[in-house]
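In: Sequence first, predicted coordinates after that:
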Amino acid sequence: MTAPKGRTDLRLFTPRLELISATAELARAEINNLSAFAATLDVPLPTAWPPPLNDEQSQRFLLSAMEKSGPNEAGWHLWFCIRRDPRALLGNIGFKGVPRDGVADIGYSLLEAHQGNGYCTEAVRALMSWAFQHSEVAKIVADTLPELVPSIRVMEKSGMEFIGEGPIEDGMHTIRYELTRERYVRLYNSR
């Protein structure tokens, strides 16, 4: 589940996916040189990038976070989602920083060409499993716009439950879902 020998970055593997935790090097390449970014991830150059709801501002925010982060923050930012066969960059998933008061806040976005194949649910489940390996995480929350039905479906298929209104983001009202550690254990450890 972690980095192969000789690598300092974090990697998670699922049956179809590889998730690679962002580094400052990857964040810089994503902004400055998409070809180098793809080469570093060992994927073909994507025809479209970044995925929806991501832009240069979010990329610069990630770079700033990666440059400031210490070793205790590894994995608590963005992860790049890669299909393993055939290899392709699908999108990103990650947390909005280290858990606060026991809460890890997760988000995700896949390129439109790769939506509807279960990749996002697979990635979310893998990252939730990684997060719950950290004893300080009591629950994981996710916010989305009420009209983003595919995003809501990913949360539901990952075991999250609707809990009500989320924060206002960029002037838009969101809704919030959550998965507590107890519910996670019931859902995933009983299989």
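Out: Thanks, I have it.
In: list the buried ones in the worst-scoring helix or strand of the chain on mean pLDDT?
Out: Between all helices and strands in the chain, the lowest mean by mean pLDDT, DSSP states H and E belongs to helix 56-68, at a mean of 93. Buried residues in helix 56-68, defined by neighbour count with 16 or more other C-beta atoms under 10 Å: 59, 62, 63, 65, 66. From N, CA and C alone the C-beta is placed, and that goes for glycine too.
In: For the chain, which segments count as strands?
Out: Remark: strands assigned in the chain by DSSP state E are 11-13, 17-21, 78-84, 87-95, 103-110, 139-144, 161-169, 172-180.
In: Serialize the ones you listed to TSV and add fields for mean pLDDT, mean neighbour count and distance to residue 186.
Out: Output for the strands of the chain, formatted as TSV (pLDDT from 0 to 100; neighbours: other C-beta atoms under 10 Å; distance: least, C-beta to C-beta, whole Å):
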stretch	mean pLDDT	mean neighbour count	distance to residue 186
strand 11-13	98	16	22
strand 17-21	98	22	24
strand 78-84	98	22	25
strand 87-95	98	22	23
strand 103-110	97	21	18
strand 139-144	98	22	13
strand 161-169	96	12	12
strand 172-180	97	18	9
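In: List the contacts of the residue nearest to residue 178 when sequence neighbours are not counted.
Out: Nearest-residue entry for residue 178: residue 141, 4.6 Å, with adjacent residues in sequence omitted and distances by C-beta to C-beta, 6 or more residues apart in numbering. Neighbouring residues of residue 141 by C-beta atoms under 8 Å, 6 or more residues apart in numbering: 103, 104, 105, 106, 163, 176, 177, 178.
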